[in-house]
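Undergrad: Give me a model of this one.
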Amino acid sequence: MSDANVDFFGGVTLPQETQQTPSDQGVYQQAGKAGMLDVSTVLPSGTTAPVAAPVPASGSGSGAGSVQSPQNPAYEAYLAFLKQRELQAAESRRRDARVTVTAALERYQLSSLAPYLYELIAKDEINMANPDAIIAAIRDRPEYQERFKGNTVRLRNNLPELDPASYIALENQYRDTLRANDLPGNFYDSPDDFVRWIEGDVSPAEIQQRVEQGYAAVRDADPEVRRQMEDLFGVTEGELAAYFIDPERTRPILSARGLVRQAKAAQIAARAVEQGMIPREQIGTTGAAFFEGLVDRGITEQQAQAGFTQMGQLTGLYTEMGGEEGLTAEQKIGAALGYDVAAQEQLVRRQRQRLAEFQGGGGFARTQGAGGVVETGAGEAQ
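TA: Residues are numbered from 1 along each chain as shown. You can find the predicted model right below:
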C-alpha cells in the first residue's frame, strides 16, 4: 500500500492501493527465513543474482530453456508463500479501508452507512480513490437524504446543491456565530437547527445581523420584566434574544423549559415592585413559585396591575400599626387580587378597629397628620 491518498468528502483520506513486485531473490530469502523452502534448492551456492532455479521437467530432455517443474517442492512452497503474503496484505488493506471509511462517515453522522459502503468497496463496485463515485453511491440512501435534507429545498428553489464538506462547513459557521454571541446551547445542538437557514441560503453574516437585532429587541423590552426573568428564573439575555431571532424555532425550547409561564410570572413580579408592594431586594425571598402560582390562578399582568394600584391607594391599611396582627407580602397580594379571603377579612377587621379608635379618640387618632386628617384605610376621616 503506497503513501498516496485521495480526498474523501473533503478532508478525510482513504489509502490508494498499488502493487509492489519484490525481487525474486528477496522473495526466496524471505521464504527461507520463514522456513517455507530450502533456499539452496533455488539459489546455488555463491549465486547472488535472482535465479529461477529451473529443474528439468519430468520426462523432458536436458538443455537450456527448460521450465521449472510444478512438482518441485521448493517451487510449490514459494508459490504458497506468495499467496499467503498476498492474502495477508489484502486483509490489511480491507481493515485499513474499513477503519477509514467508518471514520469518514462518523464525521458526517452517517456511520450507519459504513457497512453498505464498505461492502461496495470490498466488491470493487466503486473506486475508493474517486470521491465523486463514493458520494454517488450513497446520495440516494435515506440516511444521506435525511442528513443533508436542506439540499432538497435548495434544488427545488434552483439553488446549487451543497456537497457534504460545504454543507458541514456552513453548519459550523452558523454554530460558531451563535456560540460567540452567547446564545443558549440548545439553540444550535443539532443539524436540524440549521436546515431552514440552509434551505433559504442564509449567510452567516445575515445570522449575525439577526442576533444583533434580537439583542436590540431585548434591550428595548420592559427592563423590570427582564430583571425579574433573570432574578427569579435565571433566564439570560441570550435566551431572550434567541426568541426574537427565531420565534418558531425557539418556542418549543421555551415551552419545554416553562419560559412562557415564567415570563408571565416575571411581568406580575415587575408590576408588584413598581407599585411598591414588594421591595426588589425581597423578591427572591417571596420566590418564583409564588408568582408562577399567580399565573396558574389565571391572573394576567393587567389584572395584577389593577389590583396593585388599588393596594397602593390603601397603603395605610396594608401597613401594620403597633399591636396589629401582621400580614405577609403574599397575603397582602392575595387580598389585593381577590383570592385570599382570609387576608381580606383580616383587613376588614383592621379597618373597623381603626375607625372605632378614631371615633373614640383612641391611640390611632393620635397618629393624625397635618390638618387633622387621619387615614383609616377606608378613605379619609376629618
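
Undergrad: Okay, now the unreliable bits of the stretch 151-300 of the chain?
TA: Under the criterion pLDDT under 70, the flagged ranges of the stretch 151-300 of the chain are 249, 251-257, 259, 284-286.

Undergrad: Helices of that one, residue ranges please.
TA: If DSSP state H, counting those that start in this stretch is used as the criterion, the helices of the stretch 151-300 of the chain fall at 164-180, 195-199, 204-220, 223-233, 237-245, 247-257, 259-274, 283-286, 288-296.

Undergrad: mind checking the longest helix of this protein?
TA: Ordering each helix of the chain by length in residues (DSSP state H) puts helix 73-107 first.

Undergrad: Give the buried residues for that one.
TA: Residues of helix 73-107 classed as buried: 74-75, 77-78, 81, 97-98, 100-102, 104-105, 107 (neighbour count, 16 or more other C-beta atoms under 10 Å). The way it works is simple: take the backbone N, C-alpha and C, and place the C-beta from them, glycine included.

Undergrad: Closest one of those to residue 277?
TA: residue 107 (57.1 Å; C-beta to C-beta).

Undergrad: That closest one and residue 147: what is the separation?
TA: 11 Å (C-beta to C-beta, to the nearest Å).

Undergrad: Could you do residue 233 as well?
TA: 36 Å.

Undergrad: before we move on, back to that, looking at the buried residues of helix 73-107, which has the smallest pLDDT value?
TA: Minimum pLDDT across these is recorded for residue 97, with 70.

Undergrad: My read is that it contacts residue 121, right?
TA: Yes - with contact defined as C-beta atoms under 8 Å, residue 97 reaches residue 121; the gap is 5.8 Å.

Undergrad: what's residue 266 in contact with, if anything?
TA: For residue 266, the residues meeting the contact criterion (C-beta atoms under 8 Å, 6 or more residues apart in numbering) are 225, 228-229, 232-233, 291.

Undergrad: again, 7 Å this time
TA: 225, 228-229, 232 (C-beta atoms under 7 Å, 6 or more residues apart in numbering).

Undergrad: from these, which is closest to residue 195?
TA: Distances from residue 195 to these, taken as C-beta to C-beta, are shortest for residue 229 (29.2 Å).

Undergrad: so the closest one sits right up against residue 235, yeah?
TA: Yes - taking contacts as C-beta atoms under 7 Å, residue 229 lies within contact range of residue 235: 4.3 Å.

Undergrad: and those two? which has more neighbours close in?
TA: With neighbours defined as other C-beta atoms under 10 Å, residue 229 and residue 235 compare such that residue 229 has more, 26 against 20.

Undergrad: residues touching the more buried one, list them.
TA: Residue 229 makes contact with 235, 262-263, 266 under the criterion C-beta under 7 Å, 6+ apart.

Undergrad: Next: residue 102.
TA: Under the criterion of C-beta under 7 Å, 6+ apart, the neighbours of residue 102 are 111, 114.

Undergrad: please redo it, this time with the cut-off set to 8 Å
TA: Counted by C-beta under 8 Å, 6+ apart, residue 102 has contacts 111, 114, 118.

Undergrad: what does residue 309 give?
TA: Residue 309 sits next to residue 275 when contact means C-beta under 8 Å, 6+ apart.
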